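Undergrad: Okay, here's the prediction I keep looking at, along with the sequence it came from:
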Number of protein chains: 2
Amino acid sequence: MRIAIEDARALVVRVMIVNEHNNEYAGIIADHIIDCELRGLAYGGLARVISIVERLQRTGAPAKLVEVAHETPVSARLHGHDNLGYVVAHRATEIAIEKAKAMGLAMVGANQTWYTGMLSVFAEMAAGEGLVTMIASNATPWVAPHGAVEGRFGTNPICYGFPSLDEPIIWDIGTSSIMHAEAVLARRQGQELDAGRAFDARGNPTRDPDAALAGAFTPWGGHKGSGLGHVVQLLGVLAGSPIQPPELAEFGFVIIAMKPDLMMPEADYRAKVTEYAEAVRAAKPVAGGEAVRMPFDRSAAERRRRSAEGTFEVPDFVHERLQEFAS
Amino acid sequence: MRIAIEDARALVVRVMIVNEHNNEYAGIIADHIIDCELRGLAYGGLARVISIVERLQRTGAPAKLVEVAHETPVSARLHGHDNLGYVVAHRATEIAIEKAKAMGLAMVGANQTWYTGMLSVFAEMAAGEGLVTMIASNATPWVAPHGAVEGRFGTNPICYGFPSLDEPIIWDIGTSSIMHAEAVLARRQGQELDAGRAFDARGNPTRDPDAALAGAFTPWGGHKGSGLGHVVQLLGVLAGSPIQPPELAEFGFVIIAMKPDLMMPEADYRAKVTEYAEAVRAAKPVAGGEAVRMPFDRSAAERRRRSAEGTFEVPDFVHERLQEFAS
């Protein structure tokens, strides 16, 4: 079915309030979920809310709000207190922005969180304030390192954001060959995974989402990509995550924010980023290929299009579950 | 031929002194080159010195030493003054270590440099002081973005380093499908490149090193890896590199150093890094596969082995060229 953006946002807010989240947190979560839908990342959209509620029904809602545990002029360490990553990372990003604006450079880490969503959301917040960011978030060891069949690191997204004269340039990837939410969605929809994406609990290759979720995904990018998965896991550990977080809990989140004027006037940097992006978009494509895109170009274009339409498509079963949860 | 480690180091020092480098800089360069040889990265070892001297013969030696252009308590921006990346990055790392120890967090950028070598050398310096690092270095646009056939970013290495209880964990990769030095070495040795690694100047796939060096390499890791190449280019631009540096000049270098005690006691973090690395090494390998390695394990083992042997193998033509250069 098609749903109006505002109705979808209100539905997510209601579901989160029913699940003991305050208005502010429910709004932050809903904005993030809707941004995923507008950008065409449905696995992180309304469908993700089902997984969130299932997790909350299993564990109960977080008893406390996000809290600053320790800070210095250039850093903060937050207690996530089992709040959703959307709100923990949002608070971490706000603090990183504030400190980086004051000191030029800041690092904020947070522990005890889960489901951080698209890191690009936080990079975009900071880029809007003229800041360059590096962001990483670790997770339950759902992913086997290159050459192994047992999980050791999470789906572990990493992201860099750069302010420009218009839309920011944001690179935001997962370091697994498949996202956790994609596997969950495939299970809900009774679909098989692509070959080469997962091992079952015995270490045999599998295409069954259930078996994969009980086993391990493969990493993205062979040994190089697997190394980046380790990097994110160790950054999450620095933020206070255990080396192997339990199922959907105790993830770590790290953001580093940099003010370009440590190196050059912000306006000059923004202009150079735009100039570079335009040079890339003007590069000659491979024979028969489309125009070359910069990271985030497609997301930004999808969001413009869907925002203008005012509605988006959502599977009926997802909408029905959310309505049940909201009542 | 086999050469004693000390003889090789002395030979590189002599070549650099003949090429108008002072003792300190010649020593830093030689240590870096020898470290590459000991770690089994021959393309960055003595063979690289030929490329360095050819570049210096074309442009002349740098007229000035590395200089601090601007600094804050958490940052410094350096003028590389066309010095080799080995010495520029070494100085940048020293300053990053000093500032991160004082403030907890520091970022140092440098412009006007070239050939930065293995970023892991700098990550290892900082890890020895208990610091976590992120390091990146951009270059001449030898690499075509994913979907393009024209170069827009450099071979653009990126590196993260983590202190542990013993050898550090260091992830250090190039974002191109082939290293520039590998293509240069293939040209010197009259070998073809692997398929899929490069385009010629007209945008056609090529395996000829000459054509590739006049055209563009492909990126590593498809669109995700290509995005990381953009990230490194934009970090280099932040450090003062032009968006498209000219041939082997005006590269940018960035290091961010973090003191673990912003987040937890350093000893606790080192122990967790070691515990994680051991859990990874103990992961069940794929059927018929070798024991799982952490990034840097192979380098560290190669270096221990060659250091114990006291000698390493070098192609005769490389040794002969260096002896000519030294006299």
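TA: Now that the structure is in, tell me what you want to look at.
Undergrad: gap between the most centrally placed residue in chain A and chain B?
TA: With distances taken as CA atoms, centre = their mean, residue A:118 lies nearest the centre of chain A, 2.3 Å away. Distance, residue A:118 to chain B, using CB to the nearest CB, to the nearest Å: 14 Å. Every C-beta, even on glycine, is put in place using the N, C-alpha and C of the backbone.
Undergrad: and that residue, what is it in contact with?
TA: A:32, A:35-36, A:39, A:41, A:44, A:157, A:172 (CB atoms under 8 Å, 6 or more residues apart in numbering or on different chains).
Undergrad: out of these, who's nearest chain B?
TA: residue A:172 (8.5 Å; CB to the nearest CB).
Undergrad: so where does that closest one fall, helix or strand?
TA: Assigned by DSSP states H and E, residue A:172 belongs to strand A:169-173.
Undergrad: Show me chain A divided up by domain.
TA: A:2-61+A:308-326, A:67-176+A:219-262 (automatic domain parsing).
Undergrad: Measure how buried residue A:4 is and give me the count.
TA: 12 (other CB atoms under 10 Å in any protein chain shown).
Undergrad: Hmm, residue A:9 and residue A:322 touching each other?
TA: No. Contact criterion CB atoms under 8 Å: residue A:322 and residue A:9 do not qualify, at 11.7 Å.
Undergrad: of these two, who's got more company?
TA: residue A:322 (22 against 17).
Undergrad: How confident was the prediction at that one?
TA: pLDDT for residue A:322: 98.
Undergrad: One more: residue A:148?
TA: 98.
Undergrad: Do I have it right that it meets residue B:283?
TA: Yes. Contact criterion CB under 8 Å: residue A:148 and residue B:283 qualify, at 3.8 Å.
Undergrad: Which one's more surrounded, those two?
TA: For residue A:148 versus residue B:283, neighbours defined as other CB under 10 Å are more numerous around residue A:148 (26 against 20).
Undergrad: Quick check: bridge partners of the more buried one?
TA: When bridges are called by DSSP bridges, residue A:148 pairs up with residue B:285.
Undergrad: Distance of it relative to residue A:215?
TA: According to CB to CB, to the nearest Å, residue A:148 stands 12 Å off from residue A:215.
Undergrad: Name the residues that touch the lowest-mean-pLDDT helix or strand in chain A?
TA: Lowest on mean pLDDT, DSSP states H and E among the helices and strands of chain A sits helix A:180-188, with a mean of 89. The contact list for helix A:180-188, computed with CB under 8 Å, 6+ apart, reads A:42-44, A:47-48, A:50-51, A:139, A:142, A:155, A:192-193, A:198, A:209-210, A:212-213, A:217, A:317.
Undergrad: quick one: common contacting residues for residue A:148 and residue B:283?
TA: With CB under 8 Å, 6+ apart as the test, residue A:148 and residue B:283 both reach residue B:292.
Undergrad: returning to that earlier point: now, which of the contacts of residue A:118 lie within strands?
TA: Taking DSSP state E, the ones among the contacts of residue A:118 that sit in strands are residue A:172.
Undergrad: Of the contacts of residue A:118, which belong to helices?
TA: In helices, defined here by DSSP state H, the members of these are A:32, A:35-36.
Undergrad: Show me the helices in the stretch 201-327 of chain A, by range?
TA: Along the stretch 201-327 of chain A, counting by DSSP state H, counting those that start in this stretch, helices occupy A:209-214, A:222-238, A:266-281, A:297-309, A:316-326.
Undergrad: Is chain B within reach of the third one?
TA: Yes. Helix A:266-281 is in contact with chain B by CB under 8 Å from any CB of the partner chain, via A:269, A:272-273, A:275-276, A:279-280.
Undergrad: Right, I'll leave it there.
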